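In: my questions concern the predicted model and sequence given below.
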Amino acid sequence: MFGAVEAGGTKFVCGIGTSPEDLRTVQIPTGEPGITIRSVIGYFRDANVSAIGIGSFGPICTDRSSSNWGFITSTPKLAWRNTDLARPIGKALGVPVGFDTDVNAAALGEARWGAAQGVSDFLYLTVGTGIGGGAVAGGRVVHGKSHPEMGHIRVPHDWNTDPFAGCCPYHGDCLEGLASGPAIETRWGKPAAELPPDHPAWALEARYLALAVNNFICTLSSKRVILGGGVMHQTQLLPLIKTELARLTSGYLELPDLVSPQLGDRAGVCGALVLAEQAQN
Ligand code: ADP
Ligand code: ZN
């Protein structure tokens, strides 16, 4: 039995199991770090798990050779800045811990059980409170100096058609600053979920996301792109992005499949099971 944690900015989703079928989850609200981590440990205390996987909001340190491994580092959530997340959980429970970003975990979940089964090169993008991406290339999750931060790429911003300055606390009008759920809400003065399907918000959103996907596939040559997260619950968005991507790429590239996650909003916590399994081996 494995323990799985999807550590999010508003809630920690924790589960015990081996696969999406037997995974039972609970939610722990993201509060003060010490209290939240103690609640997570308490949940797993008597569960007899052999390893834990954690997919976390970030930025995080995933470098096993660093003394900062397992930390949430420079997050805008001030209380969580420089928080040691993975080691205290592993130590308290006496089990190995796999630790990666929430989006890398989601990519692993979709690869094992979802929309990327048997696909060696794909990209998982989430468009929600933030924007993040997990890339798998040659069957391996892409890591580097730390981990990719795909939400913070710069995309062309036409100030005439979109005078909104963007809402990223670090960059203003990076991709996340222009196209995350909070960006849509701030630009249009209404929660994204309340904007009708024919609202001009969605053509603009599709434009930014297609620009991003264009840049990612030109760099990674992904065979499939999975688009998830709360904003993608707008079902009209995926076809708009496909059309805009075809326009942007002008027939130069053979386009990858653009698809929805098969594990839906459970991709991250299911992927944390894979991280646990990897930590054990
Ligand atoms: P998180 O990113 O925090 O893990 P989500 O992926 O659910 O969580 O994303 C939450 C964001 O998605 C919010 O900004 C919300 O406005 C937006 N969102 C949620 N549901 C919808 C919807 N049906 N349509 C458009 N936007 C939505
Ligand atoms: Zn940014």
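Out: Now that the structure is in, tell me what you want to look at. Every value quoted in this text rests on a predicted model; they were computed, and no experiment measured them. Ligands and ions are numbered 1, 2, ... in the order given.
In: how confident was the prediction at residue 77?
Out: Listed pLDDT for residue 77 reads 88.
In: can you report phi and psi for the closest residue to it other than its chain neighbours?
Out: Leaving out its chain neighbours, the residue that sits closest to residue 77 by C-beta to C-beta, 6 or more residues apart in numbering is residue 9, at 6.1 Å. The way it works is simple: take the backbone N, C-alpha and C, and place the C-beta from them, glycine included. Main-chain torsions, residue 9, degrees, to the nearest 10: phi -70, psi -30.
In: same check, this time on residue 33
Out: phi -50, psi -50.
In: now the farthest one out in the chain, which residue is it?
Out: residue 160 (30.7 Å; C-alpha atoms, centre = their mean).
In: alongside ligand 2, which residues does the stretch 151-281 of the chain contribute?
Out: When proximity is defined as C-beta under 5 Å from the ion, the stretch 151-281 of the chain approaches ligand 2 at 152, 168, 170-171, 174, 176.
In: ok, and what's touching stretch 30-49?
Out: Outside stretch 30-49, the residues within contact range by C-beta atoms under 8 Å, 6 or more residues apart in numbering are 1-3, 5, 7-12, 14, 16, 26, 28-29, 52, 79-80, 83, 85, 88-89, 92-93, 95, 276.
In: in terms of helices and strands, where is residue 239?
Out: Element membership of residue 239 [criterion: DSSP states H and E] is helix 237-249.
In: any idea how far ligand 2 is from the residue of the stretch 1-150 of the chain found nearest ligand 1?
Out: Nearest residue of the stretch 1-150 of the chain to ligand 1 (C-beta to the nearest ligand atom) works out as residue 128 at 2.4 Å. As for residue 128, its distance to ligand 2 is 15 Å (criterion: C-beta to the ion, to the nearest Å).
In: residues near that residue, how many?
Out: 22 (other C-beta atoms under 10 Å).
In: phi first, then psi, for residue 197.
Out: Torsion angles, degrees, to the nearest 10, at residue 197: phi -60, psi -20.
In: wait, isn't it in contact with residue 240?
Out: No - applying C-beta atoms under 8 Å as the test, residue 197 and residue 240 come out as separate, 9.9 Å apart.
In: these two - which one has more neighbours?
Out: Neighbour tally, residue 197 and residue 240, criterion other C-beta under 10 Å: the higher count belongs to residue 240, 19 against 11.
In: can you check the pLDDT for whatever residue of the chain ends up closest to ligand 1?
Out: Distances between the chain and ligand 1 by C-beta to the nearest ligand atom are smallest at residue 181, namely 1.9 Å. With respect to pLDDT, residue 181 scores 98.
In: go ahead and confirm it touches residue 128.
Out: Yes - counting by C-beta under 8 Å, residue 181 does reach residue 128; the two are 5.6 Å apart.
In: kindly provide the whole-number mean pLDDT of stretch 2-10.
Out: Average pLDDT, stretch 2-10: 96.
In: where's the helix holding residue 239 relative to the chain centroid, distance-wise?
Out: 21 Å (C-alpha atoms, centre = their mean, to the nearest Å).
In: need the next SSE after it, C-terminal direction.
Out: strand 257-259.
In: buried set for that next one?
Out: Residues of strand 257-259 classed as buried by neighbour count (16 or more other C-beta atoms under 10 Å): 258-259.
In: same for that strand, what does it pack against?
Out: strand 224-228, helix 237-249 (3 or more C-beta pairs under 8 Å, 6 or more residues apart in numbering; DSSP states H and E).
In: next SSE downstream of it?
Out: helix 267-280.
In: how is the chain divided into domains?
Out: Listed by automatic domain parsing, the domain ranges of the chain are 2-105+265-280, 118-261.
In: can you give me the strands for this structure?
Out: Assigned by DSSP state E, the chain shows strands spanning 2-7, 11-17, 24-29, 51-56, 71-72, 83-84, 97-101, 122-127, 131-137, 140-141, 224-228, 257-259.
In: what angle do the second one and strand 2-7 make?
Out: So that's strand 11-17. 170 degrees (axes from the mean of the first three to the mean of the last three C-alpha atoms, to 10 degrees).
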